[in-house]
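Enquirer: Provided below are the primary sequence and the corresponding predicted coordinates.
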Amino acid sequence: MILANQGMRVAIVDRGEHPRFAIGESSTPAADFMLDHLVRRYKLDELSPLTRFGSWREAKPEIACGCKRGFSYFWHGHDDGFKARDDHRDELLVSASESRELADTQWYRADVDRYFFDVARTSGVSTWVNTVVDSIDHVTDHHWRLSLTSDHRSETLATPFIVDATGGNRLLLRKLRVKDETETLLTHSSATFTHFDHVRSLSEWLDCRGAKRRDYPFVVEDSAVHHLFSDGWMWNLGFENGRTSVGFVFDESGNASERSRARQYDLNAVIAERRVLRDLFGNAQLSVFPGHVFQTDRLQRLASVAAGPDWAALPFTAGFIDPLHSTGIAHSISGVQRLSQILLAQSGSSRHPSLQSYSDAVRNELRLIDQLVWGCYVGLRDFRLFNAWSMIYFALATTFEHAFHDGEGNGN
């Protein structure tokens, strides 16, 4: 959208179509600051309502979302699970906004992604859906040729620059044989996830345990909820359409036998073996969409390079660490911001130094996130340690947010 609005010819090649199921649903203040900056800088008026929960619900009620006023963590480290205490020693609630009007959001990705895609198309972007990339040929520097199959027809697309936004598929990175450095990462986790309907109210569940909710800075449903166990954690993200995103992330940092055991668990088994989760999800029903439960192998990935003289990978393609603390949307938007600046301000070979800097920055950021998340996993068995590592993350996040505001989005 940004590039097309500035007069560039842009094409999106998509092997699927919208709407489709996706996770990576929880925004943060950093994500909304950067999205708002892009909206104002490049006059992306169609996206302006999506920068806050209040404006989103008022202007775009047909695009499902949830309210996120902060982060909530409940530790289930006792033999009988979570215990509500007067001093809240097994709870951590981190506030991110003063009201629902100003709150961040949970993105119901089937609606949000389709909206982004439709607005891009109306902005003049050429869109290829249900299209297979048969081959990518690097003819010469700044000259790529893609062979495509769309609607059983063969097509050819030529371009001087490619952005790989394929995430874990890493289509271009695999073509270029970019070295994989995943094994150098500290965090080691896998996940199982889906959407449910009719999940029990978390406030009701807390009231039954005697929790002092009057001390909370927000209604707990208006947050990204994390249930912490010794072997992993579960997210619970509510949407205004009544659906709830639920996933369990396994800590697989143990030996090989422990890792193989973790991957044998699907989400229903995880819920069945934990009484606390049976209480929350006992009467819940699997949502018709997507209609089944997903399981992953190792979530982490890291490429040895994130850009070259005539190509770049978005941060989510160059690497990924973990859903903990919701870094994904903000990191993706930061990639859009930085690559847009490079592509619009420079051309041809003059971009190379900036692209190299982009590549180094993305990889350094992924390694920093890895360290912070790994520390939190170490703390799953001791909630005081988890709190300490989490506070380091939130200190860094709020420092970035203040710096971004002060610099009006300039720099990295």
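Expert: All right, it came through fine.

Enquirer: list the contacts of stretch 293-302.
Expert: Applying Cβ atoms under 8 Å, 6 or more residues apart in numbering, the contact partners of stretch 293-302 are 168, 170, 180-182, 184-185, 187-194, 249, 252, 263, 266-268, 286, 318-323, 363, 366-367, 370. No exception for glycine: its C-beta is placed from N, CA and C like everyone else's.

Enquirer: quick check: ChimeraX command selecting the buried ones in those.
Expert: Buried subset of the contacts of stretch 293-302, written as a ChimeraX selection, criterion 16 or more other Cβ atoms under 10 Å:
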select :170,181,185,187,188,189,190,191,192,193,194,249,252,266,267,286,318,319,320,321,322,323,363,366,367,370
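
Enquirer: out of the contacts of stretch 293-302, list just those in strands.
Expert: Where the contacts of stretch 293-302 overlap with strands, as defined by DSSP state E, the overlap consists of Ser189, Ser190, Ala191, Thr192, Phe193, Thr194, Val249, Leu286, Gly319, Phe320.

Enquirer: how many neighbours does the residue nearest to the last one when sequence neighbours are not counted have?
Expert: Pointing back at Phe320 there. By the measure of Cβ to Cβ, 6 or more residues apart in numbering, the closest residue to Phe320 outside its immediate chain neighbours is Arg301, 5.5 Å from it. Using other Cβ atoms under 10 Å, Arg301 is surrounded by 20 other residues.

Enquirer: quick one: low-confidence parts of the stretch 201-350 of the chain?
Expert: By pLDDT under 70, the low-scoring segments of the stretch 201-350 of the chain are 255-264.

Enquirer: now do the helices in it.
Expert: Shown for the stretch 201-350 of the chain, the helices assigned by DSSP state H, counting those that start in this stretch span residues 202-208, 256-262, 267-272, 275-281, 315-318, 328-345.

Enquirer: any residues touching the first one, and which ones?
Expert: Contacts made with helix 202-208 from outside it, assessed by Cβ under 8 Å, 6+ apart, are listed as Ala84, Arg213, Val219, Val220, Glu221, Val225, Asn236, Asp279, Leu280.

Enquirer: now do the same contact list for the first one.
Expert: Ala84 makes contact with Asp90, Glu91, Leu206, Arg209, Gly210, Ala211, Lys212, according to Cβ under 8 Å, 6+ apart.

Enquirer: what's near enough to touch the last one?
Expert: What it means is Lys212. With contacts defined as Cβ under 8 Å, 6+ apart, Lys212 is in contact with Ala84, Asp86, His88.

Enquirer: contacting residues for Ile321?
Expert: Leu185, Thr187, Leu299, Gln300, Thr327, Leu366, Ile369, Asp370, Val373.

Enquirer: do you know how far the fourth one is from Pro323?
Expert: By that I understand Gln300. Distance of Gln300 to Pro323, computed by Cβ to Cβ, to the nearest Å: 11 Å.

Enquirer: swap in Ser245?
Expert: 10 Å.

Enquirer: same thing with Arg9?
Expert: Applying Cβ to Cβ, one obtains 36 Å for the distance of Arg9 from Pro323.

Enquirer: rewinding a little: could you export the contacts of Ile321 to CSV, including columns for distance to Ala312?
Expert: Compiled in CSV, these are given as follows (distance: Cβ to Cβ, whole Å):
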residue, distance to Ala312
Leu185, 21
Thr187, 24
Leu299, 23
Gln300, 21
Thr327, 19
Leu366, 15
Ile369, 19
Asp370, 21
Val373, 24
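
Enquirer: of the residues you listed, which is the nearest to Pro29?
Expert: For the contacts of Ile321, the residue nearest Pro29 by Cβ to Cβ is Thr327; the value is 12.2 Å.

Enquirer: ok, and the closest non-adjacent residue to that closest one?
Expert: Ile369 (5.5 Å).

Enquirer: quick one: contacts for the one you found?
Expert: With Cβ under 8 Å, 6+ apart as the criterion, the residues that contact Ile369 are Ile321, Asp322, Thr327, His331.

Enquirer: most widely separated two among those?
Expert: In the contacts of Ile369, the most distant members under the criterion Cβ to Cβ are Asp322 and His331, with 12.0 Å between them.

Enquirer: among the contacts of Ile369, which one lies nearest to Arg153?
Expert: Nearest to Arg153 among the contacts of Ile369: His331, at 36.1 Å, using Cβ to Cβ.

Enquirer: name the nearest residue to that closest one, sequence neighbours excluded.
Expert: For His331, ignoring the flanking residues on the chain, the nearest one in space by Cβ to Cβ, 6+ apart is Pro315 at 4.4 Å.

Enquirer: that neighbour: neighbour count?
Expert: Around Pro315 there are 27 other residues, counting by other Cβ under 10 Å.

Enquirer: cool, and Tyr42?
Expert: Here the count is done by other Cβ under 10 Å, and Tyr42 has 17 residues near it.

Enquirer: list the contacts for it?
Expert: Taking Cβ under 8 Å, 6+ apart as the criterion, Tyr42 is in contact with Met1, Ile2, Asn5, Gln6, Ser340.

Enquirer: give me the pLDDT value at it.
Expert: Looking at Tyr42, its pLDDT stands at 97.
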